[in-house]
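Asks: I would like to see how this sequence folds:
(2 chains)
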Amino acid sequence: MKYDVIVVGGGVIGCAILRELSKYNLKIALLEKEEDVCSGTSKANSAIIHAGYDAENGTLKARFNVEGCKLTKQLAKDLDFTYINNGSFVVCFDETDMPGLENLYERGIKNGVEGLEIISGEKARELEPNLSKNVYAALYAKSAGIVCPFEMTIAFGENAIANGAEIFLNTKVEKIIKNDEGYLINDKYQTRCIVNAAGLYGDFIHNLVCEEKIELSARKGDYCLFDKEVGSLVKHTIFQLPNKFGKGVLVAPTAHGNMLIGPSATDILDKEATATTQKDLNMIIEKSRLSVECIPMNKVITSFSGLRARPSGNDFIIKEAADNFFDAVGIESPGLSSAPAIGVYLSEMIANKLNARKKDNFINTRKGINKLNKMDKETRAKLIKENPLYGNIICRCEEISEGEIVDAIHRPIPATSLDAIKRRVRAGMGRCQGGFCSPKVMEIIARELNKPLQEVTKNNSASLLVYGRLGEEE
Amino acid sequence: MKYDVVIIGGGPAGLAAAISVKKQGIDNILIIERDDKLGGILNQCIHNGFGLHTFKEELTGPEYAQRYVDKVLELDIPYILNSMVVDISADKKVTYVSKQDGLNTIEAKAVILAMGCRERPRGALNIPGYRPAGIYSAGTAQRLMNIEGYKVGHEVVILGSGDIGLIMARRMTLEGAKVKCVAELMPYSGGLKRNIVQCLNDYNIPLLLSHTVVDIKGKNRVESITLAKVDENRKPIPGTEKEYKCDTLLLSVGLLPENELSKLADVQLSRVTSGPLVNDNFETNIEGIFACGNVLHVHDLVDYVSSEAELAGYYAAKYILDKKEHHKYLNIDVKDGVRYTVPSKIDVDNMEDRIVVRFRVDNEYRNKSIAVLKNDEELKVIKKRVLAPGEMEQIFLNKNELHDAKTLTICLKEAQ
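Replies: Below is the predicted model:
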């Protein structure tokens, strides 16, 4: 199989790049080692579109974050993913913290962030009544937002497919050979050009090709997710100003109406070690209560952790690292916010290198899976009439119908596991965490993909859910 | 469409309530059930032990349910299946979704809430560790085994000694799995004594009281569970950790009445039971909305669900036939070991001659008495050898005892 560009890694960065590349007359593909896109760092993070005051002026982080924050608004409309421009606060607790807050404000202005303002604690509490009485002042960033990172990543991928890109799942890159025509991956995929968007394993992919080696380490962040019942405890994303006691944690609503607290920041050696720890969970609970005292721990529905790829330097690594081999690695925070801008930047760079022209028939929009519980009564009733499966509720907590699950299974990037379904339509994402719907979702997956139930997995092929029929040999 | 009584849920509570409504002469009834058959969770409870009180015989869950289903069919009570109620308003408009009817709103003069309960998930406990396949709430595993017919695991640790967990310990053992232990956070079991004996002791499955899960290992499927002893504040004691190799963790850590719909109708809930607060007619704060079964408070035996639902149905019918206004309530206060009561208040003027009050205690007690205090003086005292949180208690109150009551309190006291 011959391609002009192959993107390695189906996270939000890889998918954003793939989508931007699909605007050009190029034959492109993406290789993802897991059974679905959005299976690494992109699936477990704060889901924040940062305004862009955090990164040092002049860095790639600063540039792509501010650009990405602007791009996301329009992209959410074009590609039909959930995004809310809720605004963010960076709160501080003491007068002596003011220089820090002002510093952040200045940096934001230099980075080109619009709609920044320092407000008093009283004003902050007016806007956000559940904020702690100890909040002294806040940096208010009106441009910040929250997003569904799953929908966003999948939307990029699906739109790229609609524009001719291919995505190969369950395809781990283990071997890259340089040849006259470019690179041969896994003795199978010939390409002129490679984009390395392999997340935590970006160093491994880079080092397969480049003389100068790099190393990425993993930093783990634990989070707690809360019931929608308390989803409106805060409306803005509440960060804490880093101070002598540490970096602080955020309290934020999610794009789907839950509440999120976290993350911790623990450096770990094992890049697969996505286990939460009591220590980290306790830390985020304790710290989140500095911002919002009434964090209701009896309303936690799940906790999870995500790993960020830490480069040795302080900035993203985005460049042509070898001839026609482009790195987009070391994408820690604000990676999600920067993804759209990184996509534009790299795709232009590659198109120039390959002398590619923009297509005139690029499809700029993509329609997501129907969300019946968000529709008005008439539309919903009409859709159920057209497809009765939309009338069969499978996930009671999130009110997700069989029709939506069947849709997810047959989309351009097919959802074939419980987690893949959950990321797309939220079945199992609610307060009972799949206790009620998972047997039913398993059945639907088995039926639609025409395979035995015991082959339906939680995510990858080793995550077996059941071991065959009772009374039968395995 | 307009109905006299709409019953949300076709499990044991909904069925018994519907039969009772019908027996009062009301025909315009509808049972709305979300599953593809009537009977509710009983359909997956294939063990026996149901119906000892109601039918004086030991039935399996499906057999018990069938007795009520048969009655519903015999009385020609209308029901719809595969229909999920998504909204109830305070003026008793019920909206449901189904393949056949789409999104449909119906009106009811009275609504009986009989939605049952759900299991607390892992997340509610904030157990640290990985999030692999192989972690199931006991009821989900029960469904996968008994309804779908699949093997859920080979080596199992169970957290929580709720009844479903105990039942599943036996069930999985009978299907060839090795249940290594049942760990319980509290110093006592949350399940029925008879289930401890018949499901654990008979199969030599250890019950580790005052233990909890402190770590889950396994990236894809569960590989091991680490348990630790907890102190009197239920905090793990460092140094007591022990790792158990297993591929499955079952959770039986509590049931929660499922009242999302009730909230939409502005029904007031108890902070103790998470179920609606009801009067002696099982009527909620919203006139004409009644509640019974596990949506009201989690029961230990289905027999009590049925008898309670029968009463709720009777009162819902009475509400339609001869509406009585409730003006004055006598609250039932609780203290000293009694967590809550159902009902939580009584309209003494309009009450039946004799009513049953059900409740649970907050700890294991030996040789205590249940005391009913009227105007702070003892009205009655019932001696109890053993009281446990896993078992529901009940007492009877007579109308003629209460006419001069200003306060009424149920509590525990030392037995004389």
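
Asks: please tell me how far B:Gly176 sits from A:Val66.
Replies: 60 Å (Cβ to Cβ, to the nearest Å). Every residue, glycine included, has its C-beta placed from N, CA and C.

Asks: neighbour count winner among those two?
Replies: A side-by-side neighbour count of B:Gly176 and A:Val66, using other Cβ atoms under 10 Å in any protein chain shown, places A:Val66 first with 25 against 10.

Asks: would you map the helices across the stretch 201-350 of chain A?
Replies: For the stretch 201-350 of chain A, the helices defined by DSSP state H, counting those that start in this stretch occupy A:202-209, A:278-291, A:335-354.

Asks: any chance of those helices in JSON lines, plus mean pLDDT and mean neighbour count?
Replies: Shown next, in JSON lines, are these (pLDDT from 0 to 100; neighbours: other Cβ atoms under 10 Å in any protein chain shown):
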{"stretch": "helix A:202-209", "mean pLDDT": "98", "mean neighbour count": "21"}
{"stretch": "helix A:278-291", "mean pLDDT": "96", "mean neighbour count": "19"}
{"stretch": "helix A:335-354", "mean pLDDT": "98", "mean neighbour count": "23"}
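
Asks: all helices for the stretch 51-200 of chain A, in order.
Replies: A:60-79, A:98-111, A:121-127, A:149-162.

Asks: give me the helices and strands touching the last one, please.
Replies: The one in question is helix A:149-162. Secondary-structure packing of helix A:149-162 (3 or more Cβ pairs under 8 Å, 6 or more residues apart in numbering or on different chains; DSSP states H and E): helix A:12-21, strand A:28-31, helix A:60-79, strand A:166-168, helix A:335-354, helix A:418-425.

Asks: now the element after the last one, going C-ward?
Replies: Translated: helix A:418-425. helix A:438-449 (DSSP states H and E).

Asks: how close does the spatially closest residue to B:Asn28 that is not a sequence neighbour sit to B:Ala110?
Replies: Spatial nearest neighbour of B:Asn28, chain neighbours left out: B:Asp4 (4.2 Å); criterion: Cβ to Cβ, 6 or more residues apart in numbering or on different chains. Note on B:Asp4: its distance to B:Ala110, by Cβ to Cβ, is 7 Å.

Asks: between these two, which contacts overlap?
Replies: B:Ile320 (Cβ atoms under 8 Å, 6 or more residues apart in numbering or on different chains).

Asks: ok, B:Pro238 - contacts?
Replies: B:Ala228.

Asks: helix, strand, or coil at it?
Replies: Three-state assignment for B:Pro238 (DSSP: H, G, I helix; E, B strand; the rest coil): coil.

Asks: just for the stretch 101-250 of chain A, where's the confidence low?
Replies: A:244-246 (pLDDT under 70).

Asks: can you get me a residue count around A:Leu60?
Replies: 19.

Asks: so it touches A:Gly313, yeah?
Replies: No - counting by Cβ atoms under 8 Å, A:Leu60 sits too far from A:Gly313 to count as a contact (10.4 Å).

Asks: any idea how far the residue lying closest to B:Cys246 once chain neighbours are set aside is from B:Asn82?
Replies: Distances taken as Cβ to Cβ, 6+ apart put B:Glu155 closest to B:Cys246, at 4.1 Å, once the chain neighbours are dropped. From B:Glu155 across to B:Asn82, the span is 37 Å (Cβ to Cβ).

Asks: ok, now B:Val334?
Replies: To B:Asn82, B:Val334 is 40 Å away according to Cβ to Cβ.

Asks: for B:Asn331, same thing?
Replies: Counting by Cβ to Cβ, the gap from B:Asn331 to B:Asn82 is 41 Å.

Asks: which of these two has more neighbours?
Replies: Remark: of B:Asn331 and B:Asn82, B:Asn82 carries more neighbours, 20 against 13, as counted by other Cβ under 10 Å.

Asks: for the more buried one, phi and psi?
Replies: For B:Asn82, the backbone dihedrals (degrees, to the nearest 10) come out as phi 50, psi 40.

Asks: what about the stretch 1-150 of chain B, any weak spots by pLDDT?
Replies: Scanning the stretch 1-150 of chain B residue by residue, none of them satisfies pLDDT under 70.

Asks: in it, mark out all the strands, start to finish.
Replies: Taking DSSP state E, counting those that start in this stretch as the criterion, the stretch 1-150 of chain B carries its strands at B:2-8, B:29-32, B:48-50, B:59-60, B:79-80, B:83-88, B:93-98, B:102-113, B:117-119, B:135-137.

Asks: can you redo those as CSV with mean neighbour count?
Replies: What follows is the strands of the stretch 1-150 of chain B, written out as CSV (neighbours: other Cβ atoms under 10 Å in any protein chain shown):
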stretch, mean neighbour count
strand B:2-8, 23
strand B:29-32, 24
strand B:48-50, 20
strand B:59-60, 18
strand B:79-80, 18
strand B:83-88, 21
strand B:93-98, 21
strand B:102-113, 22
strand B:117-119, 23
strand B:135-137, 28
